[in-house]
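let's see this in three dimensions:
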Amino acid sequence: MATDPNLKTVIENLQDEIENIQILFMDILSRGLLDGTIREDADLDVACRMFRGSVLAVMMSSVYARTTLVPSPEAIVDLLLNGLLK
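Predicted coordinates for the structure are as follows:
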């Protein structure tokens, strides 16, 4: 997959979604830190990059699998957040 010449095009087409996902993650994680549902020692920047990477991986794999059954970024975040919750 990393050598696929279409990978650059796919990533460029997803850039807006990636930026929106970044904003969504930082908002969710910041609110969780403020309201105490996320541990105070959680590195939000690293967590945000991990979530973004996970969503991108799911979206990319869906493109190559030619499926329209793609979970929403929110659903992926909900699944991944279990490791950060108190």
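
pLDDT value on the residue nearest the centre of the chain, please?
Residue closest to the average C-alpha location in the chain (Cα atoms, centre = their mean): residue 52, at 2.7 Å. With respect to pLDDT, residue 52 has a value of 80.

can you tell me the element it falls in?
helix 44-65 (DSSP states H and E).

may I see the buried residues of that helix?
Within helix 44-65, the residues scored as buried using 16 or more other Cβ atoms under 10 Å are 44, 47-48, 51-52, 54-56, 59-60. The C-beta positions use only the backbone N, C-alpha and C, and glycine is treated the same way.

may I see those residues arranged in CSV, with distance to residue 5 as well?
Output for the buried residues of helix 44-65, formatted as CSV (distance: Cβ to Cβ, whole Å):
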residue, distance to residue 5
44, 35
47, 32
48, 30
51, 28
52, 24
54, 25
55, 23
56, 18
59, 19
60, 14
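
between those residues, which is closest to residue 15?
The shortest approach to residue 15 among the buried residues of helix 44-65 belongs to residue 56, at 10.5 Å (Cβ to Cβ).
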